[in-house]
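1. Got a predicted structure plus its sequence, pasted below:
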Amino acid sequence: RASTPLPFGARGARAERKGSERESIEADCRIERNKPTHTTTAKMMKSAMMKRNMATTMKANQGAAPKVSFVRKVAQTAGVAASTLAITFAAQAADVKLGSDSGALVFDPATVTINKGDSVTWKNNAGFPHNIMFDEDEIPSGVNADAISHEDYLNAPGETATTKFDVSGTYSYYCEPHQGAGMQGKVIVK
């Protein structure tokens, strides 16, 4: 379809709408120019157009329900975050310091309560070397004391040892080099 050229100065309805929109934006920019600013005219025009487009979009979507895919993505993200936190807490149920902050030869706290399948991590804090020894007469039957004990000394500050507890019951333990000083603890597994 061939288009016929319009006479010089003639405008169609579409061109008039664009022209009036441009004049309105330029008017907004003139108002902005009177304010003290370092923004160029082109930036002001772009900003004004973006404001108009945003206002038009907001007006068109007023009262509309959020898109299902967006809601689904938010729910998935929240689910992943919650499950990551649950895994983190399940994997690390209790922390016990080897030696108190004041330097006392104790397990701090002396007793921890955890759920079956959780772990306890002992961390060298003060007065080392330390180790974690479970007494076979003071743990649930069927549990191997040697398998859950940490006989090797922890010599460095911040050094750790971790044990996972899969059988419910009460587990008593002690630090071999400081047993005479009363350094003993207890893990209660529900």
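-> Thanks, I have the structure now.

2. Every contact and neighbour count from this point should use C-alpha atoms.
-> Fine.

3. so where does the residue lying closest to residue 172 once chain neighbours are set aside fall, helix or strand?
-> Distances taken as CA to CA, 6 or more residues apart in numbering place residue 186 nearest to residue 172, at 4.5 Å, with adjacent residues excluded. Using DSSP states H and E, residue 186 sits in strand 184-189.

4. Which strands and helices lie in contact with that strand?
-> strand 111-114, strand 169-174 (3 or more CA pairs under 8 Å, 6 or more residues apart in numbering; DSSP states H and E).

5. Direction included, what does it pair against?
-> If you go by DSSP bridges, strand 184-189 pairs up with strand 111-114 (parallel), strand 169-174 (antiparallel).

6. So what touches the first one?
-> Applying CA atoms under 8 Å, 6 or more residues apart in numbering, the contact partners of strand 111-114 are 93-94, 185-190.

7. Which element is encountered next along the chain beyond the helix or strand bottoming out on mean pLDDT in the chain?
-> Every helix and strand in the chain was compared by mean pLDDT, DSSP states H and E; the lowest is helix 68-91, with a mean of 48. With elements assigned by DSSP H and E, the helix or strand that comes after helix 68-91 is strand 94-98.

8. Return that following strand as CSV; C-alpha atoms alone will do.
-> Taking Å, rounded to 0.1, in the frame of the first residue of the first chain, the C-alpha atoms of strand 94-98 are listed here in CSV:
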residue,chain,number,x,y,z
ALA,A,94,25.1,-27.8,70.0
ASP,A,95,28.5,-26.1,70.5
VAL,A,96,30.6,-26.8,73.6
LYS,A,97,33.7,-24.8,74.6
LEU,A,98,36.7,-26.7,75.9
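
9. Number of residues surrounding the closest residue to residue 144 other than its chain neighbours?
-> Residue nearest to residue 144 in three dimensions, not counting chain neighbours: residue 136, with 7.3 Å by CA to CA, 6+ apart. When neighbours are defined as other CA atoms under 10 Å, residue 136 has 16 of them.

10. Please apply the same query to residue 187.
-> Residue 187 - counted by other CA under 10 Å - has 19 other residues nearby.
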